[in-house]
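Visitor: When you get a sec, could you give me coordinates for this:
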Amino acid sequence: MKIALTTDHAGFNDIEELKSFLSELGHEIEYFGPKQLIPGDDYPDYMFPAAKAVASGDCQVGIILGGSGQGEAMAANRVKGVRCAVFYGPHAPITAVDAEGDQVHDEYEILRLTREHNLANVLSLAGRFVSLGEMKRAITVWLDTPLGDVERHLRRIHKLDQDL
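Guide: The predicted model follows:
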């Protein structure tokens, strides 16, 4: 799979390790981030090109890093066709996670739901809240989860993708 990968200064220290990790998993990486650490850089400068690569189909998915992951996800989600989810770290759900009432006690379940229910095609990682090991586990779970095909979820995604 071809992955758009990017970061700003907040995720820069982890990016080389993530490039290697993704390559070892057999993925092709297109990197859109800075070549060197620029402490005052602006995350939209890196998030927009990566999101556009996903939206155009040049890359199948994107993985973006930032301090909180929030601004980065907001930037990515401005690109039509991108559905970016934020991951803050492992946490077990406290209530049922699906319409059938199933309780899941997997602390990475939220990542599966972003793919199955929201058809997320970009994952934003909160570099100041998620360890490198948690990032690797999160990426693996997220990439291994197929996009859902349940009608009610597809209907909702269609509404998100409509022009307002």
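
Visitor: Which parts of this protein are strands?
Guide: 2-7, 28-31, 61-66, 84-87, 122-126 (DSSP state E).

Visitor: For the one residue sitting closest to the centre of the chain, list each beta-bridge partner.
Guide: Centroid check for the chain by Cα atoms, centre = their mean gives residue 123 as the closest residue, at 0.2 Å. Beta-bridge pairing for residue 123 (DSSP bridges): residue 63, residue 85.

Visitor: ok, it touching residue 141?
Guide: No. Residue 123 lies out of contact with residue 141 (Cβ atoms under 8 Å); the separation is 9.9 Å. Where C-beta positions appear, they are placed from N, C-alpha and C, glycine not excepted.

Visitor: from the chain's centre, how far out does the worst-scoring helix or strand of the chain on mean pLDDT sit?
Guide: Lowest by mean pLDDT, DSSP states H and E among the helices and strands of the chain is helix 151-161, with a mean of 89. Mean-position distance between helix 151-161 and its chain equals 19 Å (Cα atoms, centre = their mean, to the nearest Å).

Visitor: what is the mean pLDDT for stretch 111-119?
Guide: Mean per-residue pLDDT for stretch 111-119: 93.

Visitor: Just give me how far it sits from the chain centre.
Guide: In terms of Cα atoms, centre = their mean, the centre of stretch 111-119 is set 11 Å apart from its chain centre.

Visitor: Which positions in that stretch come out as buried?
Guide: By 16 or more other Cβ atoms under 10 Å, the buried positions in stretch 111-119 come out as 111-119.
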